[in-house]
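Novice: Just the structure for this:
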Amino acid sequence: MDSPLLEQDLIMLRPYQPTDSDTVLDLWLKASIQAHDFVPETFWYEQLPAMRELYLPQAETLVLEENGHVLGFASLREQRLAALFVSPSAQGRGLGRQLLDEAKRRRDNLELGVYRANTRAVAFYRANDFMTLEETRDPHTGQTELTMHWSRG
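Specialist: Sure, this is the predicted structure:
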């Protein structure tokens, strides 16, 4: 009989290293395109330089890997969960929850932005005790974006 703990033992959460850049960006791009099919793919390709040069270097990023393969990452900037992405091929295994739990362990409050049309992500954050604070329109995509907040206790 397989034990779920055996699978967990193979997974490691570690700090992002600059050598992770290409792998993390490739994962981000694939996951972004899949999760945001309501936004043109070209938008995500146009965001790659800013992700590489600004967002990743300025954030505290955690990488989740299994047997040396990056399966997901989460980026924190102050009290903001700036990114949480799991490889499309590894979704549904609880990896996003592991990343989110670690982010919560590191902060007393978290805020994030998520497109309302990304119903899977909205449901995930709500199931993990995030509350919607406001709705705004993203000027870059025209999509409605929810600002969500979580606070310890």
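
Novice: What ranges does this protein have for its strands?
Specialist: Per DSSP state E, the chain carries strands over the ranges 11-15, 60-66, 69-77, 80-86, 109-115, 131-137, 144-151.

Novice: what's the closest of the ones you listed to Met51?
Specialist: Taking C-beta to C-beta, strand 80-86 is the member of the strands of the chain nearest to Met51, at 8.5 Å. Where C-beta positions appear, they are placed from N, C-alpha and C, glycine not excepted.

Novice: quick one, the closest one and strand 144-151 angle?
Specialist: Comparing the axes of strand 80-86 and strand 144-151 via axes from the mean of the first three to the mean of the last three C-alpha atoms, to 10 degrees yields an angle of 110 degrees.

Novice: Could you pick out the longest helix of the protein?
Specialist: helix 21-35 (DSSP state H).

Novice: Pull the distance from that helix to the chain's centre.
Specialist: Mean-position distance between helix 21-35 and its chain equals 10 Å (C-alpha atoms, centre = their mean, to the nearest Å).

Novice: CA atoms only for it, dumped as CSV, please.
Specialist: The C-alpha atoms that make up helix 21-35 are tabulated as CSV, following Å, rounded to 0.1, in the frame of the first residue of the first chain:
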residue,chain,number,x,y,z
SER,A,21,15.4,31.7,-13.3
ASP,A,22,14.8,30.0,-16.7
THR,A,23,12.9,27.0,-15.1
VAL,A,24,10.8,29.2,-12.9
LEU,A,25,10.0,31.6,-15.7
ASP,A,26,9.0,28.7,-18.0
LEU,A,27,6.7,27.3,-15.3
TRP,A,28,5.2,30.8,-14.7
LEU,A,29,4.5,31.3,-18.4
LYS,A,30,2.9,27.9,-18.9
ALA,A,31,0.8,28.1,-15.7
SER,A,32,-0.2,31.7,-16.5
ILE,A,33,-1.4,30.9,-20.0
GLN,A,34,-3.3,27.9,-18.7
ALA,A,35,-4.9,29.7,-15.7
